[in-house]
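>>> when you get a sec, could you give me coordinates for this:
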Amino acid sequence: MRRVCFLIIVLALIAPAIPGCAPKVSIPSWQRSVNAYVNQTGRGDPNVLRDVTLPNTDRRGFAVLAHHNPDESIDANGLLLAHRDVAGRPWFVYLVGLVKKQKVGEIRLAALSDTAGKPVWRLGPRNKDAERAYREYNLKQFRARFPARKKPPPEYLGFPRESDTFDLSVDDAGRLTATHPPSGARWELDVSPQKR
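Numbering: from 1, shown residues only. Sure thing, here's the model as predicted:
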C-alpha cells in the first residue's frame, strides 16, 4: 500500500512537468477542487473554508495552481469576500480570477452554499468591461509609479493584488454586487431562491 501511495504522490508531482499533463484549470475545475477540499478536509462541512488562505499571503481564499512555474501556468485564485446569510441561506462568496502566465483574464463572482450535505453553486456572468477596468487601473498605477519601466512586473498583472479591496453589497432580492472601488469594476451574481 505504501508503494502505491508513494507512486501516486510522485506522479502527481511530476505530471505537470510532462508536456500535455498539466491539469486544465478553469472556474468549473476550481469549483470541483473546492468541493473536494470540503469533502476531504472538512468532512463535508464547508465551514472549513473559513481558514483557507491564498498561497504566500494571509488573505482568505482558495487557489488551484496548475504548474509550479507561474510563467507556464493557468491558475484560479478565489478571494473570499464574505461568509454571510443571503436570501435565508449561508453563502461563501468569492471573486475568482483565472490567471494565465501571471496575467489575469476572466474574473467572476461565485458563491457556495450547502443544502443537506450537497454543495450548491451560483456563478455570475462574465463582465469583460469590469475585467478591462480592473486591468487598466493596475497598469495605470504601474506607469505612475515606474514611468521609466516598459514592462510591468507580475504583481500589476495578476489577481488578486496585495493592495486590492473589494466592497460587497447585497440587496433584499438576493443579488450580490462586488465592486473594486478604485477602478469602478463591478461583478454581479443572483443567489435568490428562485434562481437555479
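>>> every contact and neighbour count from this point should use C-alpha atoms.
Noted.
>>> center of the chain - which residue?
Nearest to the mean C-alpha position of the chain, by CA atoms, centre = their mean, lies Gly78 at 1.8 Å.
>>> quick one, what contacts it?
Leu54, Gly61, Phe62, Ala63, Tyr94, Leu95, Val96, Gly97 (CA atoms under 8 Å, 6 or more residues apart in numbering).
>>> identify, from these, the entry nearest to Asp129.
Gly97 (14.4 Å; CA to CA).
>>> if we can go back for a sec, which of the contacts of Gly78 fall within helices?
Judged by DSSP state H, those include no members of helices.
>>> now, among those residues, which is nearest to Trp187?
The nearest member of the contacts of Gly78 to Trp187, counting by CA to CA, is Leu95 at 8.5 Å.
>>> ok, and the closest non-adjacent residue to the closest one?
Spatially, and ignoring its direct neighbours in sequence, Leu95 is nearest to Leu109 (4.6 Å; CA to CA, 6 or more residues apart in numbering).
>>> now the strands for the protein?
61-64, 74-86, 89-100, 103-115, 118-123, 167-170, 175-180, 185-190 (DSSP state E).
>>> for Leu65, give its distance to Leu139.
Per CA to CA, to the nearest Å, Leu65 is found 24 Å from Leu139.
>>> same check, this time on Phe159
Relative to Leu139, Phe159 is positioned 13 Å away (CA to CA).
>>> between the two, point out the one with more neighbours.
Ranked by neighbour count (other CA atoms under 10 Å), Phe159 and Leu139 place Phe159 first, with 26 against 17.
>>> could I get the pLDDT score of that one?
In this model, Phe159 is scored at 96, pLDDT.
>>> can you pull the phi/psi pair for it?
Main-chain dihedrals, Phe159, degrees, to the nearest 10: phi -160, psi 140.
>>> mind listing what Val96 touches?
Applying CA under 8 Å, 6+ apart, the residues contacting Val96 are Ile27, Ala76, Asn77, Gly78, Leu79, Ile107, Arg108, Leu109, Ala110.
>>> make a markdown table from the strands of the chain and add mean pLDDT to it.
Formatted as a markdown table, those follow (pLDDT from 0 to 100):
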| stretch | mean pLDDT |
| --- | --- |
| strand 61-64 | 96 |
| strand 74-86 | 95 |
| strand 89-100 | 96 |
| strand 103-115 | 95 |
| strand 118-123 | 94 |
| strand 167-170 | 96 |
| strand 175-180 | 97 |
| strand 185-190 | 97 |
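>>> can you get me a residue count around Asp129?
Other residues within reach of Asp129, judged by other CA under 10 Å, total 12.
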